[in-house]
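Enquirer: Give me coordinates for this.
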Amino acid sequence: MSLYIRATGNISPQHTFGKSSLTEQTAYTGNRLNTIDPDYSKLFDPKMIRRMSRIIKMGVGAAMDCLQDAGIQQPDAIITGTAYGCLQDTEVFLKRLVEFKEEMLTPTAFIQSTHNTVGGQIALMLQCHNYNNTFVHRGFSFESALLDGMMMIEEGDAKSVLVGGLDEITDTSHAILSRIGLYKQQSTSNTDLLTDTSKGTIAGEGAAFFLISNDAAADNYAQLNGLHTFYKPASVADIEKEISSFLTAQSISINDIDIVITGRNGDTKGDAVYNALEQSLFSTTRNITFKQLCGEYPTATAFALWLAAGIVKQQNIPAAIAGQEIAGPIKSVLIYNHSNRIHHSLMLLSVC
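Expert: The predicted model follows:
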């Protein structure tokens with residue numbers, strides 16, 4: 001069965017909201033990229049906004065933008081993936097727990113701190129009583145959500161599924177992850193991220209949603225051919241075997257891939273994997289990157305899928321990525337990413 005990306009919605013550190021592709025790159029200095037938030041009052045009731053934390057607004061806003069792009073009122077299922085969940089509300093609840101000595105606690109922060117809050121909020125706003133699930137699988141969170149949606153359609157349990165990946169940065173989480181060496185200690189620019197040879201990367205956040213369907217409509221973004229994840233490969237040779245096996249299962253070879261989008265993030269140890277592949281398996285294919293645009297976070301592959309879908313639909317690589325616009329034809333795009341060299345994923349898209 002053929003699966004298609006029908007519509008997208010993306011809130012990220014770039015000007016992506018309401019757009020199907022990237023038109024410019026926003027530059028940052030520091031070691032974190034925060035989202036560029038739209039005017040949420042135009043998307044839902046302003047009274048609700050006051051009760052929403054940042055990630056809930058990001059997730060619901062991106063989901064509503066996706067559904068508006070698709071022109072449908074309700075999907076057959078809502079599936080989200082997040083590794084960190086609602087960090088801001090979790091921090092509020094824990095602080096109040098200490099301050100009030102575990103007494104007289106208001107339940108709001110606790111209720112909104114759970115990982116499935118965003119999916120539940122979307123369903124409440126849509127009055128959608130269909131299947132609703134959230135995956136919290138670290139670096140596989142978005143991929144697990146996407147796989148669940150693909151399986152539902154292939155098994156005939158749904159015709160259109162809203163799938164999203166989202167994570168946020170807070171001051172506390174950024175300080176903790178910086179302390180363990182995940183992020184660069186010195187200030188850097190995201191435009192120079194991939195040439196910075198120091199340890200660590202820059203933090204990112206975002207929410208990207210997709211409506212996937214088995215309807216072969218003329219205005220679909222791209223065909224979603226396959227998804228594959230693998231855990232802790234022992235060597236680059238093992239990674240090459242996984243990629244080759246995945247492509248063979250999709251009846252395609254690496255020579256048929258027009259663009260490879262990799263998760264290179266400026267960390268010398270993590271980028272060594274991509275360097276090796278670009279010298280071997282990916283040596284004859286155009287390689288582009290995306291984390292200089294959105295930063296590093298566990299569900300960053302949702303941003304990569306949004307970027308790939310836009311490239312396939314527009315049939316060009318935006319100048320914001322390649323320095324100058326590069327026109328097609330672009331028949332197939334492969335996304336390869338790893339999170340901390342532990343969670344590895346592959347996604348294959350092709351022109352409709």
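
Enquirer: Tell me the confidence at the residue most central in space within the chain?
Expert: Compute the mean C-alpha point of the chain, and by CA atoms, centre = their mean the closest residue is Ala302, 1.9 Å away. With respect to pLDDT, Ala302 scores 98.

Enquirer: secondary structure element for it?
Expert: helix 301-314 (DSSP states H and E).

Enquirer: Spatially nearest residue to Asn220 (excluding sequence neighbours)?
Expert: Tyr4 (4.3 Å; CB to CB, 6 or more residues apart in numbering). All C-beta atoms are positioned from the backbone trio N, CA, C, and that covers glycine.

Enquirer: Let me see the contact set for that neighbour.
Expert: 212-217, 220-224, 352 (CB atoms under 8 Å, 6 or more residues apart in numbering).

Enquirer: same check, this time on Glu296
Expert: Contacts of Glu296 (CB under 8 Å, 6+ apart): 182-183, 201-204, 265, 267.

Enquirer: Which of the contacts of Tyr4 fall within strands?
Expert: The strands, defined by DSSP state E, take in 212-213, 222-224 from these.

Enquirer: The lowest-mean-pLDDT helix or strand in the chain - contacts with which helices or strands?
Expert: Counting by mean pLDDT, DSSP states H and E, the weakest-scoring helix or strand in the chain turns out to be helix 108-111, with a mean of 74. Judged by 3 or more CB pairs under 8 Å, 6 or more residues apart in numbering; DSSP states H and E, the packing partners of helix 108-111 are helix 87-99.

Enquirer: From what I see, Ala249 and Gly226 are in contact.
Expert: Yes: using CB atoms under 8 Å, Ala249 is in contact with Gly226, at 7.0 Å.

Enquirer: Those two: who's more crowded?
Expert: For Ala249 versus Gly226, the count of surrounding residues by other CB atoms under 10 Å is larger for Gly226: 17 against 12.

Enquirer: now the strands for this protein?
Expert: 4-11, 29-30, 77-81, 131-135, 160-167, 188-189, 206-213, 222-231, 259-262, 286-289, 316-317, 326-327, 332-339, 343-350.

Enquirer: Can you tell me what sits against the last one?
Expert: With contact meaning CB under 8 Å, 6+ apart, strand 343-350 is reached by 5, 138-140, 143, 146, 222-231, 233, 239, 242-243, 246-247, 250, 252, 298, 301, 304-305, 308-309, 312, 331-338.

Enquirer: now the closest residue to Leu182 other than its chain neighbours: how far from Ser12?
Expert: Closest residue to Leu182 apart from its sequence neighbours, by CB to CB, 6+ apart: Gly200 at 6.1 Å. In this view, Gly200 and Ser12 are 21 Å apart by CB to CB, to the nearest Å.

Enquirer: Go through the ones in strands among the contacts of Tyr4 and single out the one with the most neighbours.
Expert: Ile212 leads the ones in strands among the contacts of Tyr4 on contacts (other CB under 10 Å) with 27 neighbours.

Enquirer: For that one, give me its contacts.
Expert: 3-6, 146, 149-150, 153, 160-161, 163, 224.

Enquirer: same question, Ile288
Expert: Contacts of Ile288 (CB under 8 Å, 6+ apart): 259-262, 317, 321-322.

Enquirer: can you rerun that using 6 Å?
Expert: Going by CB atoms under 6 Å, 6 or more residues apart in numbering, Ile288 touches 261, 321.

Enquirer: which stretches of the stretch 1-150 of the chain form helices?
Expert: 46-49, 54-70, 87-99, 108-111, 117-126, 141-154 (DSSP state H, counting those that start in this stretch).

Enquirer: tell me the angle the longest one makes with strand 77-81.
Expert: It stands for helix 54-70. 140 degrees (axes from the mean of the first three to the mean of the last three CA atoms, to 10 degrees).

Enquirer: Can you show me the CA trace of helix 54-70 as CSV?
Expert: C-alpha atoms of helix 54-70 as CSV (Å, rounded to 0.1, in the frame of the first residue of the first chain):
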residue,chain,number,x,y,z
ARG,A,54,5.0,26.7,25.6
ILE,A,55,5.1,23.1,24.4
ILE,A,56,1.3,22.7,24.4
LYS,A,57,1.0,25.9,22.4
MET,A,58,3.7,24.8,20.0
GLY,A,59,2.2,21.3,19.5
VAL,A,60,-1.4,22.4,19.2
GLY,A,61,-0.4,25.3,16.9
ALA,A,62,1.6,23.0,14.6
ALA,A,63,-1.2,20.4,14.5
MET,A,64,-3.9,23.0,13.7
ASP,A,65,-1.7,24.4,10.9
CYS,A,66,-1.3,20.9,9.5
LEU,A,67,-5.0,20.2,9.6
GLN,A,68,-5.8,23.6,8.0
ASP,A,69,-3.2,22.7,5.2
ALA,A,70,-5.0,19.4,4.7
